[in-house]
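Visitor: coords please:
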Amino acid sequence: MIGFGANITRELLTKMDVGNDTIAKDVGAIRQVYGSVGSTQTDVTMMMVARTDSIDAAKNLGDTVEGLRQLGNLFTMRMAQPRKDLAEAALNNLKITARGNEIEIRTQVALANLAALIR
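Guide: Residues are numbered from 1 along each chain as shown. Here you go, the predicted model:
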């Protein structure tokens with residue numbers, strides 16, 4: 001359906017305010033991102049890979065994303081339908097994998113959940 005990719009410059013990272021020094025350090029290690037959004041007859045899938053400057057940076061970034069996923073579960077409880085179903089499905093299906101100096105993030109949601117939100 002769609003693919004994307006970008007080199008992340010130091011200038012961009014210094015102008016980004018993520019509000020947390022630990023997260024800023026982990027995000028600051030990202031050098032490139034690429035990914036795709038696709039669909040089947042029943043699902044919409046998203047894959048994103050972040051290439052960092054070291055293996056340790058990728059592991060730390062993966063741990064940070066996992067922590068944010070767990071926090072996200074707290075926020076979905078307060079969401080109204082149909083957004084709640086979509087967010088819960090995306091978080092429940094989220095897979096975070098570190099491979100060398102890269103971290104891969106994948107998720108998928110039912111096309112029906114997304115369609116209910118767009119209506």
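
Visitor: which residues of the protein score low on pLDDT?
Guide: Within the chain, no stretch has pLDDT under 70.

Visitor: OK, contacts around the most centrally placed residue in it?
Guide: Centroid check for the chain by C-alpha atoms, centre = their mean gives Ile105 as the closest residue, at 5.6 Å. For Ile105, the contacting residues are Met46, Met47, Met48, Val49, Ala50, Val65, Leu94, Lys95, Ile96, by C-beta atoms under 8 Å, 6 or more residues apart in numbering. Using the backbone N, CA and C atoms, a C-beta is placed for each residue, glycine as well.

Visitor: can you check Glu102 too?
Guide: Each residue near Glu102 by C-beta under 8 Å, 6+ apart is listed here: Val49, Ala50, Arg51, Thr52, Ala58.

Visitor: Please verify my assumption that the fourth one contacts Val33.
Guide: No. When contacts are counted by C-beta atoms under 8 Å, Thr52 is not listed as touching Val33 (10.2 Å).

Visitor: mind checking the longest helix of the protein?
Guide: In the chain, taking DSSP state H as the definition, the longest helix is helix 55-76.

Visitor: before we move on, the earlier item: more crowded one of Thr52 and Val33?
Guide: Per other C-beta atoms under 10 Å, whichever of Thr52 and Val33 has more neighbours is Thr52, with 25 against 17.

Visitor: how near is the more buried one to Thr64?
Guide: From Thr52 over to Thr64 the distance is 11 Å, taken as C-beta to C-beta, to the nearest Å.

Visitor: gap between the nearest residue to Val27 once chain neighbours are set aside and Ile118?
Guide: By the measure of C-beta to C-beta, 6 or more residues apart in numbering, the closest residue to Val27 outside its immediate chain neighbours is Val18, 6.0 Å from it. In this view, Val18 and Ile118 are 29 Å apart by C-beta to C-beta.
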